[in-house]
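S.K.: Give the three-dimensional model of this entry:
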Amino acid sequence: MPASQFLMQRSALAGVQAVAARSDRTFARHSHEQFGIGVIRHGAQASHSGRGQVQAQAGQVITVNPGEIHDGAPLGDAGRAWQMLYLDPSVAAEAAREFLPAGEFEFPQPVFDDPVLARDVLALYAQAIASAEALACDALLLRVLARAAGGRRADAAAPSAPSAIRHARARIDDDPAASLSLADLAAACGLSRYQTLRAFARDTGMTPHAYQVQRRLLLARGWIRAGATLADAAAAGGFSDQSHMTRLFVRAYGLSPGRYAAAARPA
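M.R.: Residues are numbered from 1 along each chain as shown. So this is what the prediction gives:
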């Protein structure tokens with residue numbers, strides 16, 4: 001492994017860049033035009049930021065605001081590795097309008113020791129370089145920015161809205177395979193995207209995307225029981241391909257679609 005390795009991975013999200021890096025270099029002070037948020041995967045680093053001198057350990061979230069002068073140096077001889085998402089200011093601003101009072105969005109601190117935030121950042125990164133399903137990406141981006149906003153977050157939760165959420169559930173139930181965005185569900189509910197996300201999770205115990213995945217799995221199972229090939233069942237269920245369906249099927253049910261097909265079909 002070279003001392004420094006930077007990989008800019010193709011991102012399916014407009015206005016978002018994904019960078020995976022490993023380096024033992026010390027970087028001079030510089031700035032970016034974008035918001036940056038990422039996770040230290042291995043090692044640790046010290047850095048000067050516009051918000052003071054800080055250290056970040058493996059598993060912690062690091063952030064930078066546009067124009068903020070910062071640097072970075074490894075702690076120890078092993079270097080450090082990180083994954084970073086860079087968001088155009090317009091992307092962050094559009095999302096932040098959902099949960100912040102009037103005013104510009106910014107990350108309030110350069111390092112977060114927050115495992116939930118780290119998990120969501122890495123999940124958003126994985127979506128950005130993979131299928132980038134709109135419903136998953138919308139929800140993850142809102143969750144990441146709202147959690148990182150911390151105390152500046154507005155109380156954007158809708159009042160008790162089970163009746164409104166029924167419209168969102170119906171939109172998914174009517175066609176689980178359809179490609180839906182959080183904006184589509186919000187329009188059906190008459191709520192903002194952030195209100196829809198929070199109310200849906202409160203009402204169902206799942207994010208809209210997780211609920212859609214479960215409905216897609218049930219749809220695919222029905223096709224499998226009816227004798228469809230696994231590839232056809234995956235396509236009918238709205239999965240990107242058979243392997244995508246298989247991964248989620250095993251995670252949900254503990255057996256592969258092939259084993260399910262063998263057990264479910266008449267001998």
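S.K.: give me the low-pLDDT residue ranges for the chain?
M.R.: 1-3, 101-103, 151-162, 265-267 (pLDDT under 70).
S.K.: Now do the helices in it.
M.R.: 89-96, 115-128, 134-149, 162-174, 182-189, 193-204, 208-225, 230-236, 242-253, 257-264 (DSSP state H).
S.K.: ok, residues contacting the first one?
M.R.: In other words, helix 89-96. Helix 89-96 is contacted from outside by 13-16, 33-35, 66, 104-105, 141-142, 145, 149, using Cβ atoms under 8 Å, 6 or more residues apart in numbering. Using the backbone N, CA and C atoms, a C-beta is placed for each residue, glycine as well.
S.K.: next one: the fourth one
M.R.: Outside of helix 162-174, the residues that reach it under the criterion Cβ under 8 Å, 6+ apart are 158, 180, 184-186, 188-191, 196, 199-200, 203-204, 208, 211-212, 215.
S.K.: Counting neighbours, which of those residues end up buried?
M.R.: 158, 180, 184-186, 188-189, 191, 196, 199-200, 203-204, 208, 211-212, 215 (16 or more other Cβ atoms under 10 Å).
S.K.: hang on, isn't residue 16 packed against residue 88?
M.R.: Yes - counting by Cβ atoms under 8 Å, residue 16 does reach residue 88; the two are 7.4 Å apart.
S.K.: Put together a markdown table for the contacts of helix 89-96, with distance to residue 221 and neighbour count on each row.
M.R.: Shown next, in a markdown table, are the contacts of helix 89-96 (distance: Cβ to Cβ, whole Å; neighbours: other Cβ atoms under 10 Å):
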| residue | distance to residue 221 | neighbour count |
| --- | --- | --- |
| 13 | 30 | 19 |
| 14 | 34 | 9 |
| 15 | 37 | 14 |
| 16 | 34 | 22 |
| 33 | 47 | 9 |
| 34 | 42 | 20 |
| 35 | 41 | 25 |
| 66 | 47 | 16 |
| 104 | 47 | 10 |
| 105 | 42 | 22 |
| 141 | 30 | 25 |
| 142 | 30 | 23 |
| 145 | 35 | 25 |
| 149 | 40 | 17 |
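S.K.: Now intersect these with the strands, please.
M.R.: Among the contacts of helix 89-96, the members falling in strands are 16, 35 (criterion: DSSP state E).
S.K.: now the contacts of helix 89-96 in JSON lines, with distance to residue 59?
M.R.: Shown next, in JSON lines, are the contacts of helix 89-96 (distance: Cβ to Cβ, whole Å):
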{"residue": "13", "distance to residue 59": "24"}
{"residue": "14", "distance to residue 59": "29"}
{"residue": "15", "distance to residue 59": "27"}
{"residue": "16", "distance to residue 59": "22"}
{"residue": "33", "distance to residue 59": "28"}
{"residue": "34", "distance to residue 59": "23"}
{"residue": "35", "distance to residue 59": "21"}
{"residue": "66", "distance to residue 59": "25"}
{"residue": "104", "distance to residue 59": "29"}
{"residue": "105", "distance to residue 59": "24"}
{"residue": "141", "distance to residue 59": "21"}
{"residue": "142", "distance to residue 59": "23"}
{"residue": "145", "distance to residue 59": "20"}
{"residue": "149", "distance to residue 59": "21"}
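S.K.: Now flag whichever of the contacts of helix 89-96 is closest to residue 130.
M.R.: residue 13 (10.7 Å; Cβ to Cβ).
S.K.: who's in contact with the nearest residue to the closest one once chain neighbours are set aside?
M.R.: Leaving out its chain neighbours, the residue that sits closest to residue 13 by Cβ to Cβ, 6 or more residues apart in numbering is residue 128, at 4.8 Å. Residue 128 makes contact with 9, 11-13, 16, 18, 85, 137, according to Cβ under 8 Å, 6+ apart.
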